[in-house]
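Novice: fold the following and give me the result.
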Amino acid sequence: PQAPREDKQAAYRADITYGTNNEYGFDYLRDNMVYEAGDRVQRGLNFAIVDEVDSILIDEARTPLIISGQAEDQTALYIAINKLIPHLSRQEGEADPRTGEGVIKPGDFTLDEKSHSIHLTEAGHENAEHLLSGAGLLPEGASLYDPANISLLHHLVTGLKAHHLYHRDQHYVNQAGEIVIVDEFTGRLMSGRRWSDGLHQAVEAKEGVAIQPENQTLASITFQNYFRLYGKLSGMTGTADTEAYEFQEIYGLETVVIPPNRVSKRTDQLDRVYKTTKEKYVAAIADIRECHERGQPVLVGTSSIENSELIAELLTAEKLPHEVLNAKQHAREADIIIQAGRPGAITIATNMAGRGTDIVLGGNLEKMVEAVEADASLDDAARARRVEAVKSQWQQDHEKVKSLGGLRIIATERHESRRIDNQLRGRSGRQGDPGSSRFYLSLDDSLMRIFAGDRVRAIMERLNMPEGEAIEAGIVTRSIESAQRKVEARNFDIRKQLLEYDDVSNDQRKVIY
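Specialist: From the prediction side, this is the model:
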């Protein structure tokens, strides 16, 4: 990103240019903001090969690339609105439009976790107007619905979203007084990226950190429209089959399944579903302990930083040694992954360890040898002896881990996307090695609660399940996968709608650019 223009021009003049999707997109936008043709860095967009193509063309398709400039400072407004949010309460239950019944506990706003939206109720409008008037933000007797006050309504709803839909250590982290977004698909920190429409400022107000000024958009493009500019487009990933329809529909790309080099020996066991989160964690910890005691390495998959830290606390209480890999520990990522396949290793990870991570059974020999060779305190003879010892020990560890069943994957929550779950499973049983995976779930998990809970709860109640007992059946696993398919279909509709909106801008963009 910081490379001088001449270096970028030289890189783009090469036959093959290797880089990140973000940088290509931003270079395209910047090229169309320069005054002189000679200042452009890119050549024509002819042929692209995209690695982890589903991550970039599908997961990131809802994120537009935006080049922005500063807009007017509204810090005081965000702080004032933030003080009012605790005075607005959530309504429980949804009113039937015909009868008005169905509200369990009246409140000022309704929250829809499925669509990630918040709406004020009638009582909420009145209460909000009263609070805003009291704070001197709304003239006495004025309505929030007046055209002049629409911006105020938007700020209020955004403040409610910041408090009730966006959670620390799940959607973002507070890093040295700066709010950094956590990528929901990769679990990594997205430094430099900010939510738009005032949401980032509302979260900053909620966390009590310095509020950065809002920006106005100078140029933007979605990944969908950027990559469709290439004459020829192709890509590769281990998890494209579930999205074959979208690749064909949006990008005109056919999906071809290439069989693995060596047949996978991994066994994917049926999901175990418990009534409560506590029961789920007790069962998962018991499985982890069992693996650790017999020397089998375990990778524990979690959906958020918060959950990874919770499991770490539970393992510490059980005196089980472990490593945690989440966005807060990204600097140690390489060291943690090197050790993750060693006998008895326990590694807790967010989605960070899910995509493109190679966990070698017995540990990463190449990296271990590199560490010995880099040790300046050894002479050549001692170094050679140490390398031989490391190789011999690795061979023993490798065979031991293979005989114990390879890497065990224990996941504590299903992701909205089946692909992300498949990526986690795919860390085990690589290159013909043995391996196994199991998902431990509860009816309190967000995916279960929002999309599949009622059906599974009904099955559990019919079977009269005692506490601590799990339901483990094909019908339950299929119900969960059906819920994931529903979410994927809804997300596809959102992406398609976004593309239709962006297509209007795209036609104008093409004319101007």
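Novice: residue 88 contacts residue 128, correct?
Specialist: Yes - if you go by Cβ atoms under 8 Å, residue 88 and residue 128 touch, sitting 6.7 Å apart. From N, CA and C alone the C-beta is placed, and that goes for glycine too.
Novice: common neighbours of these two, please.
Specialist: Counting by Cβ atoms under 8 Å, 6 or more residues apart in numbering, the residues touching both residue 88 and residue 128 are residue 108.
Novice: these two: which has the busier surroundings?
Specialist: residue 128 (24 against 21; other Cβ atoms under 10 Å).
Novice: and the more buried one, what helix or strand is that in?
Specialist: Take DSSP states H and E as the rule and residue 128 turns out to sit in helix 122-134.
Novice: tell me the buried residues in that helix?
Specialist: For helix 122-134, a neighbour-count test (16 or more other Cβ atoms under 10 Å) marks 124, 125, 127, 128, 129, 131, 132 as buried.
Novice: ok, then the element right after that helix?
Specialist: Following helix 122-134 in sequence, per DSSP H and E, is helix 150-164.
Novice: so what secondary structure elements neighbour that next one?
Specialist: helix 75-84, strand 117-120, helix 122-134, helix 199-207 (3 or more Cβ pairs under 8 Å, 6 or more residues apart in numbering; DSSP states H and E).
Novice: export the ones you listed to CSV and tack on distance to residue 333?
Specialist: Listed next are the helices and strands packed on helix 150-164 as CSV, based on distance: least, Cβ to Cβ, whole Å:
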stretch, distance to residue 333
helix 75-84, 34
strand 117-120, 35
helix 122-134, 44
helix 199-207, 25
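Novice: how about the backbone phi and psi for residue 236?
Specialist: Backbone torsions of residue 236, given as degrees, to the nearest 10, read phi -150, psi 150.
Novice: quick one: low-confidence parts of the stretch 151-300 of the chain?
Specialist: The stretch 151-300 of the chain contains no residues with pLDDT under 70.
Novice: please apply the same query to the chain.
Specialist: Counting by pLDDT under 70, the chain has low-confidence residues at 1, 70-72, 96-97, 99-100, 331, 352-356, 452-453.
Novice: and the residue of it most remote from its centre, what element?
Specialist: For the chain, the residue at maximal distance from the C-alpha centroid (Cα atoms, centre = their mean) is residue 381, at 47.7 Å. Assessed by DSSP H and E, residue 381 sits inside helix 380-403.
Novice: C-terminal to that helix, what's the next element?
Specialist: Note on helix 380-403: by DSSP H and E, the next helix or strand toward the C-terminus is strand 407-411.
Novice: which residues sit in contact with residue 63?
Specialist: Applying Cβ under 8 Å, 6+ apart, we find residue 63 in contact with 193, 222, 223.
Novice: hang on, the earlier thing: what's the helix holding residue 128 packed up against?
Specialist: So helix 122-134, by 3+ Cβ pairs under 8 Å, 6+ apart, packs with helix 75-84, helix 150-164.
Novice: just how off-centre is that helix within its chain?
Specialist: 36 Å (Cα atoms, centre = their mean, to the nearest Å).
Novice: for stretch 501-513, same thing?
Specialist: That offset, for stretch 501-513, works out to 29 Å (Cα atoms, centre = their mean).
Novice: the helix ranked longest in the chain: which residues count as buried?
Specialist: Using DSSP state H, we find that the single longest helix of the chain is helix 474-512. Under the neighbour-count criterion of 16+ other Cβ under 10 Å, helix 474-512 has 476-477, 479-481, 483-484, 487-488, 491-492, 495, 498-499, 502, 506, 509 buried.
Novice: that helix - contacts with which helices or strands?
Specialist: Against helix 474-512 (3+ Cβ pairs under 8 Å, 6+ apart) you get strand 215-221, helix 223-227, helix 244-251, helix 418-425, helix 446-447, helix 453-463.
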